[in-house]
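Asks: Provided below for reference: sequence and predicted model.
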Amino acid sequence: MKLYKNTLIIIAILLFESVYAQQEPNYTLYRYTMNVINPAYAGADGTANLTSNFRSQWISVIGAPETQSFFYSRPLGEKVGIGLSIVSDQVFIENQTSFNIDFSYKLQVSETADLFLGLKAGGSTYDIDRGNLTNIGLPDDPALGNIDSGFRPNFGAGAYLMHDKYFVSLSVPRILSTERLDEADGRVTQATQEAHIYISGGYNFRISDNTEFRPSTMVRYVDGTPLSVDLTGAFRFYNRFEVGLAYRTDEAFGGLMMINLADWLDIGYAYESSTRDEISNNSNGTHEVFIRFVFSRTD
């Protein structure tokens with residue numbers, strides 16, 4: 001009974017936060033999923049690749065977030081890059097799927113650094129499964145029927161500075177702040193999709209011929225929510241294997257690893273444990289799985 005009660009509390013928190021300030025998903029492996037948040041990264045690594053990422057939060061908690069991401073990117077010539085991303089995000093009774101096309105343009109700022117500028121265009125669909133409330137023993141809320149679940153266009157922009165030893169990223173993947181507002185029988189229901197601002201950076205410290213220390217950070221700002229900061233420290237060995245620790249302010253801590261199995265295949269895994277007792281006491285953590293296929297290289 002205690003587990004069920006705490007689960008309902010968590011669900012209520014999820015529903016409240018998502019209805020009043022719709023959030024984009026977090027990624028522990030953000031250095032490798034940069035295509036989702038920054039259109040300037042399309043083609044920046046000099047490869048044509050197809051990447052899939054699956055993230056399941058708070059295992060064993062009913063209605064916890066699950067995110068599936070797919071993105072393809074490649075350079076076109078020496079200066080232009082293109083990308084396509086599909087992200088399906090499910091939280092409790094909410095389902096959102098976004099489709100975006102990315103375009104990037106490279107400017108050489110020095111002999112060792114390039115600046116990529118990018119644009120993102122697309123949109124998303126949004127749906128609420130009211131029937132799922134009764135499946136878990138909760139009453140249907142007629143007010144949820146007032147939320148507009150139609151298609152919403154989107155565009156974004158970003159910049160990505162890349163050097164052999166470091167990177168700096170600034171992006172706003174969702175510039176449009178859309179409202180889904182309806183009124184029925186004197187009741188007004190509102191849900192918003194706010195602009196997200198991401199600032200990220202990292203540096204690769206060469207410790208020996210075969211070892212690098214790769215610290216990085218991701219700062220995320222959304223109007224109406226606390227500032228979120230990811231701090232990551234990882235060691236990379238023989239340019240094939242990477243292992244590290246990660247911390248997200250007031251949310252979670254965990255570990256990650258990346259393995260380059262072949263020139264054409266990378267796989268990764270990350271695990272997080274929540275720092276919030278009401279979640280950590282009733283879940284088996286958060287799991288994130290990453291796989292990337294590389295078809296060609298231009299560098």
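Replies: That came in fine, so what should we check first? Values in this document were obtained by computation on a predicted structure and should not be read as measured data.

Asks: dump the residue contacts of residue 211.
Replies: Residues in contact with residue 211 (Cβ atoms under 8 Å, 6 or more residues apart in numbering) are 235-237. Using the backbone N, CA and C atoms, a C-beta is placed for each residue, glycine as well.

Asks: Mark which of those residues are buried, thanks.
Replies: Buried members of the contacts of residue 211, scored by 16 or more other Cβ atoms under 10 Å, are residue 236.

Asks: before we move on, what SS does residue 88 have?
Replies: strand (DSSP: H, G, I helix; E, B strand; the rest coil).

Asks: Surely residue 65 and residue 88 touch.
Replies: No. With contacts counted by Cβ atoms under 8 Å, residue 65 stays clear of residue 88, the gap being 11.2 Å.

Asks: quick one on the thing from earlier: make JSON lines from the contacts of residue 211 and add pLDDT and secondary structure to it.
Replies: Shown next, in JSON lines, are those (pLDDT from 0 to 100; DSSP: H, G, I helix; E, B strand; the rest coil):
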{"residue": "235", "pLDDT": "98", "secondary structure": "strand"}
{"residue": "236", "pLDDT": "97", "secondary structure": "strand"}
{"residue": "237", "pLDDT": "97", "secondary structure": "strand"}
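
Asks: between the contacts of residue 211, which is nearest residue 107?
Replies: If you rank the contacts of residue 211 by distance to residue 107 using Cβ to Cβ, residue 236 comes first, at 27.7 Å.

Asks: Would you confirm that that closest one contacts residue 214?
Replies: Yes. With contact defined as Cβ under 8 Å, residue 236 counts as touching residue 214 (5.7 Å).

Asks: Now do the shared contacts for those two.
Replies: With Cβ under 8 Å, 6+ apart, residue 236 and residue 214 have common neighbours 204, 242.

Asks: any chance you could map the strands in the stretch 1-150 of the chain?
Replies: Applying DSSP state E, counting those that start in this stretch to the stretch 1-150 of the chain gives strands spanning 47-56, 66-76, 80-91, 94-108, 113-128.

Asks: could I get those strands as CSV with mean pLDDT?
Replies: Below are the strands of the stretch 1-150 of the chain laid out as CSV (pLDDT from 0 to 100):
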stretch, mean pLDDT
strand 47-56, 94
strand 66-76, 94
strand 80-91, 92
strand 94-108, 92
strand 113-128, 90
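
Asks: With distance to residue 32 as added columns, please give the ones you listed in TSV.
Replies: Below are the strands of the stretch 1-150 of the chain laid out as TSV (distance: least, Cβ to Cβ, whole Å):
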stretch	distance to residue 32
strand 47-56	7
strand 66-76	11
strand 80-91	14
strand 94-108	16
strand 113-128	16
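
Asks: could you dump the ones you listed to TSV with distance to residue 288 and mean neighbour count?
Replies: TSV is the format used below for the strands of the stretch 1-150 of the chain (distance: least, Cβ to Cβ, whole Å; neighbours: other Cβ atoms under 10 Å):
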stretch	distance to residue 288	mean neighbour count
strand 47-56	4	19
strand 66-76	9	19
strand 80-91	14	20
strand 94-108	18	19
strand 113-128	21	18
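
Asks: Nearest to residue 156, out of those?
Replies: strand 113-128 (3.7 Å).

Asks: could you say what helices and strands the closest one packs with?
Replies: strand 94-108, strand 152-163 (3 or more Cβ pairs under 8 Å, 6 or more residues apart in numbering; DSSP states H and E).

Asks: Sheet-wise, list the partners of the longest one with their directions.
Replies: Take DSSP bridges as the rule and strand 94-108 pairs in its sheet with strand 80-91 (antiparallel), strand 113-128 (antiparallel).

Asks: Out of those, which gets nearest to residue 260?
Replies: Per Cβ to Cβ, nearest to residue 260 of the strands paired with strand 94-108: strand 80-91, 21.3 Å.

Asks: The closest one relative to strand 66-76, how many degrees between them?
Replies: Interaxial angle of strand 80-91 relative to strand 66-76 (axes from the mean of the first three to the mean of the last three Cα atoms, to 10 degrees): 180 degrees.

Asks: Strand 80-91 to strand 47-56, inter-axis angle?
Replies: Using the same axes, to 10 degrees: strand 80-91 against strand 47-56 is 10 degrees.

Asks: what's the offset of strand 80-91 from the middle of its chain?
Replies: Here strand 80-91 is found 10 Å from its chain centre; the criterion is Cα atoms, centre = their mean, to the nearest Å.

Asks: What segments of the stretch 101-250 of the chain are helices?
Replies: Under the criterion DSSP state H, counting those that start in this stretch, the stretch 101-250 of the chain contains helices at 131-135.
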